[in-house]
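Undergrad: Sequence plus predicted model, see below.
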Amino acid sequence: MSKDFKKYLILGFLFFFPIFVYVFLSTGINNFAKLPVLTEKVKDIKNIEGNILETSFKDKISIVAFWGGDINNKKSEALNLNQKIYKRFYEFQDFQFVVMHNKTESEAIESLKNELISGVGTDLEKWNFISTTQSNIEMIFESFNTNIKLDSNFSTPYVFIVDRDLSLRGRDDDEDIGMLYGFNSQSVAEINNKMVDDVKIILAEYRLALKKNDSLFNE
């Protein structure tokens with residue numbers, strides 16, 4: 001093998017190998033960065049009783065909590081979600097929190113809001129508290145079609161990711177339980193080790209979609 005041939009072979013390798021790696025990784029990331037759809041077409045909240053601002057799941061990435069009539073016991077869950085999820089991702093344009101609670105809990109909700117604002121300095125702009133009936137809470141929850149149950153207060157510590165198309169997102173191959181519909185907000189470990197990653201994935205998915213749409217528009 002001549003020295004010139006070896007030289008061109010090395011130069012060719014140095015030139016094409018990074019391109020190959022980039023294409024391979026880009027393809028892998030695009031294929032991987034999809035959070036599975038577990039339930040399609042969950043019920044929207046826009047027109048339910050108590051939704052004064054007509055908050056909607058449509059065209060938003062929503063973290064949804066069902067707190068029912070158990071607000072006094074939700075402080076630690078609220079703080080966990082606020083510190084680990086909300087403060088990290090709230091600047092994303094279409095990101096929001098939606099909390100459904102019993103309309104008899106207004107006083108307790110105001111106390112919790114004050115704790116978040118004055119206690120930990122949270123801007124509640126993207127926290128949406130929906131004060132409604134137990135039947136409405138149950139109706140929206142049942143449309144998620146999960147393996148999780150509301151307790152006697154129409155409450156659960158689990159929170160859920162609903163995408164812009166009203167689909168429930170989660171994991172269909174979780175290493176611990178298989179189907180993971182929601183995240184236990186009482187567990188800092190579960191929020192850190194699973195929920196943070198899944199929120200990152202769905203936000204990255206939509207950022208990629210926006211970039212693709214922009215590139216098509218500019219062609």
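TA: Okay, I see it. Numbers count the residues shown, from 1 in each chain.
Undergrad: And the host helix or strand of A65, what does it pack against?
TA: Using DSSP states H and E, A65 sits in strand 61-68. In terms of contacts (3 or more CB pairs under 8 Å, 6 or more residues apart in numbering; DSSP states H and E), strand 61-68 is packed against helix 75-81, strand 95-102, helix 134-143, strand 158-162, helix 196-218. Yep, even glycine has a C-beta here, placed from its N, CA and C like the rest.
Undergrad: repeat that with 10 Å
TA: helix 75-81, strand 95-102, helix 106-114, strand 127-132, helix 134-143, strand 158-162, helix 196-218 (3 or more CB pairs under 10 Å, 6 or more residues apart in numbering; DSSP states H and E).
Undergrad: List the neighbouring strands of that strand plus their orientation.
TA: Here strand 61-68 has these sheet partners by DSSP bridges: strand 95-102 (parallel), strand 158-162 (antiparallel).
Undergrad: and the residue nearest to the spatial centre of the chain, how far is that from K41?
TA: Nearest to the centroid of the C-alpha atoms of the chain, with distances taken as CA atoms, centre = their mean, sits I161, at 3.9 Å. Here I161 is placed at a distance of 15 Å from K41 (CB to CB, to the nearest Å).
Undergrad: ditto for L150
TA: 20 Å.
Undergrad: With M179 instead?
TA: 18 Å.
Undergrad: Between the two, which has more neighbouring residues?
TA: It is M179, of M179 and K41, that has more neighbours when counted by other CB atoms under 10 Å, with 13 against 10.
Undergrad: Just give the closest residue to the more buried one, not the sequence neighbours.
TA: Nearest non-adjacent residue to M179, counting by CB to CB, 6 or more residues apart in numbering: D172, 5.9 Å away.
Undergrad: In contact with that neighbour: list those residues for me.
TA: By CB atoms under 10 Å, 6 or more residues apart in numbering, the contact list for D172 reads 35-38, 178-181.
Undergrad: Sort out which of those are buried, if you could.
TA: 35, 38, 180-181 (16 or more other CB atoms under 10 Å).
Undergrad: picking up where we left off before, part of a strand, is the residue nearest to M179?
TA: Yes. Membership of D172 in a strand is supported by DSSP: H, G, I helix; E, B strand; the rest coil.
Undergrad: what separates it from Y158, distance-wise?
TA: Taking CB to CB, one finds D172 at 16 Å from Y158.
Undergrad: Same question for I201.
TA: 19 Å.
Undergrad: Also D44?
TA: D44 is 20 Å from Y158, where distance means CB to CB.
Undergrad: Neighbour count: these two, which is higher?
TA: Y158 (22 against 16).
Undergrad: Can you give me the distance of the closest residue to that one other than its chain neighbours to I109?
TA: Leaving aside its sequence neighbours, Y158 sits nearest to G182 (CB to CB, 6+ apart; 3.5 Å). As judged by CB to CB, G182 and I109 stand 21 Å apart.
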